[in-house]
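Trainee: only geometry, no sequence info:
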């Protein structure tokens with residue numbers, strides 16, 4: 001099955017000059033979603049995963065499925081003031097400014113084996129911030145995986161010390 005046909009390009013979204021990779025056709029097709037989930041599972045090292053960290057918001061879709069398939073807990077990482085309990089945060093640079101992500105302080109225990117999942121590896125700022133949060137809580141990152149990677153943005157460089165898996169590369 002050609003998974004690429006379930007990723008739709010949207011020109012000039014969210015602003016002019018950007019080509020947005022829309023995953024909603026993939027999510028709408030149960031067979032394509034199953035195939036993609038298996039691609040992500042098969043790309044994992046042979047290690048027991050304790051927690052799957054999903055990054056707001058498109059990272060949640062497959063992170064919850066991965067957690068279910070791996071018999072692991074799911075941990076959301078969200079924008080500020082979206083999580084109800086005590087959090088820690090990491091701020092990272094964007095092309096024009098900064099953004100912040102938060103995680104519950106009790107979400108990951110020291111020594112937990114952690115899979116980090118997001119939809120796209122672009123500039124790597126988000127992924128690096130999430131890695132910092134996980135490690136601050138004592139988690140051991142097994143892999144950072146993504147549905148797709150925008151290789152021309154060189155995001156892999158910011159997290160090169162980790163195992164990185166992405167089935168689709170643009």
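Mentor: Received the coordinates, thanks. Everything quoted here is computed from the prediction, not taken from an experiment.
Trainee: Quick test: name the residue nearest the centre of the chain.
Mentor: residue 118 (1.5 Å; CA atoms, centre = their mean).
Trainee: where along the protein do the helices fall?
Mentor: 24-28, 30-42, 59-70, 125-136 (DSSP state H).
Trainee: Give me the below-cutoff pLDDT ranges for the protein.
Mentor: 95 (pLDDT under 70).
Trainee: thinking residue 29 is in contact with residue 8, fair?
Mentor: No. Assessed by CB atoms under 8 Å, residue 29 is found out of contact with residue 8, at 11.7 Å. Bear in mind the C-beta positions are built from the backbone N, C-alpha and C, glycine included.
Trainee: rewinding a little: quick one: which of the helices of the chain is nearest residue 85?
Mentor: Of all these, it is helix 125-136 that lies closest to residue 85, at 14.3 Å by CB to CB.
Trainee: Compute the inter-axis angle for the closest one and helix 59-70.
Mentor: Orientation of helix 125-136 against helix 59-70 (axes from the mean of the first three to the mean of the last three CA atoms, to 10 degrees) gives an angle of 50 degrees.
Trainee: So which bits of helix 125-136 are buried?
Mentor: In terms of neighbour count (16 or more other CB atoms under 10 Å), helix 125-136 has its buried residues at 125, 126, 127, 128, 129, 130, 131, 132, 133, 134.
Trainee: Determine how far it lies from the middle of the whole chain.
Mentor: 11 Å (CA atoms, centre = their mean, to the nearest Å).
Trainee: and what of stretch 125-141?
Mentor: 12 Å.
Trainee: Determine how far the last residue of stretch 90-110 lies from the first.
Mentor: Counting by CA to CA, to the nearest Å, you get 18 Å between the two ends of stretch 90-110.
Trainee: Give the buried residues for that stretch.
Mentor: So for stretch 90-110, counting by 16+ other CB under 10 Å, buried means 90, 92, 101, 102, 103, 104, 107, 108.
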